[in-house]
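[1] kindly return the folded structure for what I paste below:
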Amino acid sequence: MSTLPEAPTTQIPAVEDAYVAVPPTRPLAALDAREITAWFGERKVLDRVSLNMPAGQITALIGPSGCGKSTFLRILNRMHELVPSAQLAGEVLLDGDDIYDPQRKLTDARRSIGMVFQKPNPFPAMSIRENVLAGLKLTGAKASKSDRDALVEYCLVRGGLWNEVKDRLDAPGGGLSGGQQQRLCIARSLAIKPRVLLMDEPCSALDPTSTRVIEETMLELAKEVTIVIVTHNMQQAARVSNTCAFFLAAQGTPGVIVEHGDTAAMFSNPQDQRTNDYVNGRFG
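    Residues are numbered from 1 along each chain as shown. Here you go, the predicted model:
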């Protein structure tokens, strides 16, 4: 029987064998983008971008606005194709399997690769409990009340929110503070047990205290899920990420990766002068 890693703040129920909607713990997943080129209509926004995002690590995507970071992030779980004019070339491999394979269902990619957006988006009319369980309803999963309760606790602990809301799980999710709402969205994304979690500037609308809590949550989550984060905050990238990729788009040209590698090395000894200028605040 597999066991869940112990969280630092509370004891987690052993739910994995009992809760059939949550698959057993799997090895941490690596994500590998190969030769990604993307268009919106006639406009090319990314040009042959390749990046390996190691399993169980936090990869930060940095760079000025308009260089394709968020587009690249959305390509990683097939959200790019929701735009009618969007086109794509290249591969995105999750543990060696292309998520864009025509034989692969879109829902499979979305279950394996979750997303947390820039602006917290809990369902305001739903309770905190219902928000966490919303993903299961969309997938048609069935579970007993005790299993659902165990999953809610598991996800809220992992999202760093349990101690603050455990006595008011039936209160509206929209009544939480901005930072709490974002952590609720993280908890909601964990309910279907993704192997990768994408985060698009998750702290940009939050105060410094809430940002610190989200960062601590990310560092804990990285023990169980691979994380890719877009951030414009260089201090945040340096604090939380293991590896980093610097995107840049010159005037009128598509985005490319200028440099990528170990975060500490990129910030202390970048190999490209453009990287050095950006991480030291000289442009962007």
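
[2] which residues in the stretch 101-250 of the chain form strands?
    Using DSSP state E, counting those that start in this stretch, the strands found in the stretch 101-250 of the chain span residues 113-116, 196-200, 226-230, 243-248.

[3] now render the ones you listed as JSON lines, adding mean neighbour count, distance to Asp101 and mean pLDDT.
    Placement of C-beta: from N, CA and C, glycine included. Converted to JSON lines, those look like this (neighbours: other CB atoms under 10 Å; distance: least, CB to CB, whole Å; pLDDT from 0 to 100):
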{"stretch": "strand 113-116", "mean neighbour count": "23", "distance to Asp101": "14", "mean pLDDT": "92"}
{"stretch": "strand 196-200", "mean neighbour count": "25", "distance to Asp101": "17", "mean pLDDT": "95"}
{"stretch": "strand 226-230", "mean neighbour count": "25", "distance to Asp101": "20", "mean pLDDT": "97"}
{"stretch": "strand 243-248", "mean neighbour count": "24", "distance to Asp101": "24", "mean pLDDT": "97"}
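
[4] what's the closest of those strands to Arg34?
    Among these, strand 243-248 comes nearest to Arg34, with 13.9 Å by CB to CB.

[5] partners of the closest one, with directions?
    Sheet pairing of strand 243-248 (DSSP bridges) gives strand 58-62 (parallel), strand 256-262 (antiparallel).

[6] mind putting those strands in CSV, distance to Ser210 and mean neighbour count included?
    Output for those, formatted as CSV (distance: least, CB to CB, whole Å; neighbours: other CB atoms under 10 Å):
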stretch, distance to Ser210, mean neighbour count
strand 58-62, 18, 27
strand 256-262, 28, 18
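
[7] export these to CSV and tack on mean pLDDT?
    Supplementary listing: those in CSV, determined by pLDDT from 0 to 100:
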stretch, mean pLDDT
strand 58-62, 97
strand 256-262, 96
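
[8] would you mind telling me which of the ones you listed is nearest Phe40?
    Closest to Phe40 of these is strand 256-262 (CB to CB; 16.6 Å).

[9] okay, the closest one in CSV with CA atoms only?
    Extracted C-alpha coordinates of strand 256-262, given in CSV (Å, rounded to 0.1, in the frame of the first residue of the first chain):
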residue,chain,number,x,y,z
VAL,A,256,13.1,32.3,-28.3
ILE,A,257,15.0,31.0,-25.3
VAL,A,258,18.3,32.9,-24.9
GLU,A,259,19.6,30.8,-22.1
HIS,A,260,18.5,28.1,-19.7
GLY,A,261,20.0,26.0,-16.9
ASP,A,262,20.6,26.0,-13.2
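
[10] before we move on, back to that, adding distance to Ile75, write the strands paired with strand 243-248 out as CSV.
    Formatted as CSV, those follow (distance: least, CB to CB, whole Å):
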stretch, distance to Ile75
strand 58-62, 12
strand 256-262, 13
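
[11] what's the closest of those to Leu190?
    For Leu190, the closest of these is strand 58-62, at 15.5 Å, according to CB to CB.

[12] now the closest one, how far from the chain's geometric center?
    Put simply, strand 58-62 sits 10 Å off its chain's centre (CA atoms, centre = their mean, to the nearest Å).

[13] start at 25, not 1
    I'll keep to 25 as the first residue from here, and by that count the last item is strand 82-86.

[14] model confidence over the helix or strand that that strand is followed by, on average?
    Sequence order places helix 93-99 as the next helix or strand after strand 82-86, per DSSP states H and E. The average pLDDT within helix 93-99 is 95.
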